[in-house]
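Trainee: One predicted model, sequence on top.
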Amino acid sequence: MFSSIMIAAAVVVSIGIVGALILVIASKFLAVEEDPRIGQVQECLPGANCGACGYAGCADYAKAIVQDDAPLNKCIPGGQSTADAAAAVMGKEAGATGPARKAVVACQGSADRRGFKYAYEGIHSCAAVNMLYSGPTDCRYGCLGYGDCTRVCKFDAIRVEDGVAKVDPDKCTGCGMCADTCPDKIIHIVPEGEAPMVFCANHDRGAVTRKNCSIGCIGCGKCVRTCPVNAITMDNNLAYIDMEKCIGCHACVAACPVNAINLPRHSVGYQAPAKKED
Amino acid sequence: MAVKLAAIFFSMIFVDNYVLSKFLGICPFLGVSKKLNSAVGMSVAVTVVMVIATAATWPIYHYILVPNELEYMQTIVFILIIAVLVQLLETVLKKFLPPLYAALGVYLPLITTNCAILGVTILNIDNGYNFAEALVCSAGAGIGFLLAMVLFSGVRSRIEEAKPPKCFEGLPITLVAASLVSLSFMGFGGIIEAIFGV
């Protein structure tokens, strides 16, 4: 009995060894020379394979840089430092990558600010819960809080706290995976800076919004009238700030009666509690 | 002899089609059938690997495993051999046929773990085919796979245009379409016996 086990093991092992030998010989004699710069460029890239550059992954992008002369500043997670490192390998100018971009969640409706219309006990996924009357909270538009963005983030930069997704700006690289995943499309990728943002996605009429969430945009239009450069427009009961026109005076932040307009770094959905919180 | 080989060949294509009748190799069937080009590339790669894998596994089974009474090890040994073969094929293609290597791209390594390849090698043994029959059977299985992929990529391109109910969009409607194509292949049942008289 023991000898039959030994024979079986010996046969399989010897087939494996023969196969390995064939492969080793083949790789020795049939090796194809690859441009060594592909590997060097790939080492400069973050290796997250997020696809924000438009290529299938970091390896694919490195190949495109070396062989097809692709632009060096496409890597959003890596930013300027990656572009410079890749440029050093290639001996070319990197080109500007622009200001760093970060994800922000356009919702501040934490559990204490929103009511609930039912208790959800299903699959722990935003996509699933969104199919059931657009989620258990009274607001049809806001963050569902089941963390599809957390699961898709490769940098551990976004997590759900108190029913709303929060972005850690130090870890966020602006690759946009969470924005693509969010079923309500309330995560935006914005340039880091002093421009304020409307932290609400609710298109309901003001009275309805007010009833459902204490921090939602009620569409009163005060910010539109306050803005000195007319950067704010009202789109279907929701204010929208044009980042191109905004001069960063923050008049709208002070004017908003419900604190729905805020700086990204002061909003509930981003980092610390809102600065105007009383 | 020739009649029997032809019967095996055509029955593998139409009656015992690997994808549509035996439900093997469903993952590439659903994954790579979106575009005609990649569907053909994948199928050609599968056909080549099927024939080569049969050519390698049949002798090993009959001249190494059977004399040592190790028939029960066939699954493990076959997986090992197929993995080595695909790796070797990839290296050889990369060296001598770079355009074909680029065209097959990611599909070649994917085939290593394709159930249709392992299925054809094992079923060849189970059916008691001799070496020539086994090779013809593998080639037929590969061509049948090609036929199913090409047909289905046509169906898929029509699905892209169609507007199914929202809950059916994507994979669900694709699976419904696949089952209809599979049903239509049941119409070939019995045709081989009638034509070749085997």
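Mentor: Yep, that arrived.
Trainee: okay, CA-based contacts and neighbour counts for the rest of this
Mentor: Will do.
Trainee: how about the helices in chain B?
Mentor: Along chain B, the stretches classed as helices by DSSP state H are B:2-10, B:26-31, B:36-60, B:74-96, B:98-104, B:107-111, B:115-126, B:131-161, B:171-186, B:191-196.
Trainee: Just to check, A:C143 is in contact with A:P183?
Mentor: No - contact criterion Cα atoms under 8 Å: A:C143 and A:P183 do not qualify, at 9.3 Å.
Trainee: Settle it for me: which of those two has more neighbours?
Mentor: Higher neighbour count among A:C143 and A:P183: A:C143, with 31 against 21, using other Cα atoms under 10 Å in any protein chain shown.
Trainee: Which residues are in contact with A:A88?
Mentor: Shown here is A:A88, which makes no contacts under the criterion Cα atoms under 8 Å, 6 or more residues apart in numbering or on different chains.
Trainee: In which helix or strand does it reside?
Mentor: Using DSSP states H and E, A:A88 sits in helix A:79-90.
Trainee: Of all the helices of chain B, which one is nearest A:A86?
Mentor: helix B:98-104 (25.2 Å; Cα to Cα).
Trainee: so does the closest one get close to chain A?
Mentor: No - using Cα under 8 Å from any Cα of the partner chain, we find that helix B:98-104 stays clear of chain A, coming within 9.8 Å at best.
Trainee: what helices or strands is that helix leaning on?
Mentor: Under the contact definition 3 or more Cα pairs under 8 Å, 6 or more residues apart in numbering or on different chains; DSSP states H and E, helix B:98-104 sits against helix B:36-60, helix B:74-96.
Trainee: average pLDDT for it?
Mentor: Computed over helix B:98-104, the mean pLDDT rounds to 74.
Trainee: now that helix: how far from the chain's centre is it?
Mentor: The chain centre lies 20 Å from the centre of helix B:98-104; the measure is Cα atoms, centre = their mean, to the nearest Å.
Trainee: Same check on stretch A:60-71?
Mentor: Here stretch A:60-71 shows a centroid-to-chain-centroid distance of 24 Å under the convention Cα atoms, centre = their mean.
Trainee: any residues touching it, and which ones?
Mentor: The contact list for stretch A:60-71 (Cα under 8 Å, 6+ apart) reads A:35, A:37-39, A:41-42, A:45, A:53, A:55, A:72, A:90, A:94.
Trainee: ok, now with 6 Å
Mentor: Outside of stretch A:60-71, the residues within contact range by Cα atoms under 6 Å, 6 or more residues apart in numbering or on different chains are A:38, A:41-42, A:55.
Trainee: B:F145 versus A:G206, what's the distance?
Mentor: From A:G206 across to B:F145, the span is 59 Å (Cα to Cα, to the nearest Å).
Trainee: Looking at these two, which one has more neighbours?
Mentor: More neighbours surround B:F145 than the other of A:G206 and B:F145, with 31 against 17 (other Cα under 10 Å).
Trainee: how much space between the more buried one and chain A?
Mentor: 27 Å (Cα to the nearest Cα, to the nearest Å).
Trainee: Can you pull out the low-pLDDT segments for the stretch 101-250 of chain A?
Mentor: Judged against pLDDT under 70, the stretch 101-250 of chain A has no low-scoring part.
Trainee: which residue does it bring closest to chain B?
Mentor: Taking Cα to the nearest Cα, chain B has its nearest neighbour within the stretch 101-250 of chain A at A:M131, 10.4 Å off.
Trainee: Can you list phi and psi of that residue for me?
Mentor: Note on A:M131: backbone dihedrals following degrees, to the nearest 10 are phi -70, psi -20.
Trainee: Could you list the alpha-carbon positions for the helix holding A:A88 in PDB?
Mentor: C-alpha atoms of helix A:79-90 as PDB (Å, rounded to 0.1, in the frame of the first residue of the first chain):
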ATOM      1  CA  GLY A  79       0.600  63.000  -8.900                       C
ATOM      2  CA  GLN A  80       3.600  65.200  -9.700                       C
ATOM      3  CA  SER A  81       6.200  63.000  -7.900                       C
ATOM      4  CA  THR A  82       5.400  60.000 -10.000                       C
ATOM      5  CA  ALA A  83       5.400  62.000 -13.200                       C
ATOM      6  CA  ASP A  84       8.800  63.400 -12.300                       C
ATOM      7  CA  ALA A  85      10.200  60.000 -11.400                       C
ATOM      8  CA  ALA A  86       8.900  58.500 -14.700                       C
ATOM      9  CA  ALA A  87      10.300  61.500 -16.600                       C
ATOM     10  CA  ALA A  88      13.700  60.900 -15.000                       C
ATOM     11  CA  VAL A  89      13.700  57.300 -16.400                       C
ATOM     12  CA  MET A  90      12.600  58.400 -19.800                       C
END
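Trainee: tell me the contacts of residue 183?
Mentor: You didn't pick a chain, so chain A it is. Applying Cα under 6 Å, 6+ apart, we find A:P183 in contact with A:A127.
Trainee: So it: helix, strand or coil?
Mentor: coil (DSSP: H, G, I helix; E, B strand; the rest coil).
Trainee: I'd like to know how far B:G31 sits from B:F152.
Mentor: 11 Å.
Trainee: Correction: the previous question concerned B:T57.
Mentor: With Cα to Cα as the criterion, B:T57 and B:F152 are 30 Å apart.
Trainee: go on, B:A139?
Mentor: 20 Å.
Trainee: and if you look at A:G16?
Mentor: 38 Å.
Trainee: between the two, who's got more neighbours?
Mentor: For A:G16 versus B:F152, neighbours defined as other Cα under 10 Å are more numerous around B:F152 (23 against 16).
Trainee: can you pull the pLDDT of that one?
Mentor: The model reports B:F152 with a pLDDT of 92.
Trainee: For the closest residue to it other than its chain neighbours, list the residues it contacts.
Mentor: Counting by Cα to Cα, 6 or more residues apart in numbering or on different chains, B:F152 lies nearest to B:S33, which is 6.5 Å off, once chain neighbours are set aside. The contact partners of B:S33, by Cα under 6 Å, 6+ apart, come to B:39, B:149, B:153.
Trainee: which one of those is nearest chain A?
Mentor: Using Cα to the nearest Cα, the shortest approach to chain A within those belongs to B:A39, at 19.2 Å.
Trainee: out of everything not next to it in sequence, what's closest to the closest one?
Mentor: Spatial nearest neighbour of B:A39, chain neighbours left out: B:S33 (5.0 Å); criterion: Cα to Cα, 6+ apart.
Trainee: which parts of chain B sit against chain A?
Mentor: Contact residues (Cα under 6 Å from any Cα of the partner chain) of chain B with chain A: B:84, B:95.
Trainee: pLDDT below threshold where in chain B?
Mentor: Scanning chain B for pLDDT under 70 picks out B:103-106, B:198.
Trainee: Recalculate using a threshold of 80.
Mentor: Residue ranges of chain B with pLDDT under 80: B:1, B:31-32, B:38, B:41, B:97-113, B:197-198.
Trainee: Ramachandran angles for the residue nearest to B:A39?
Mentor: phi -90, psi 10.
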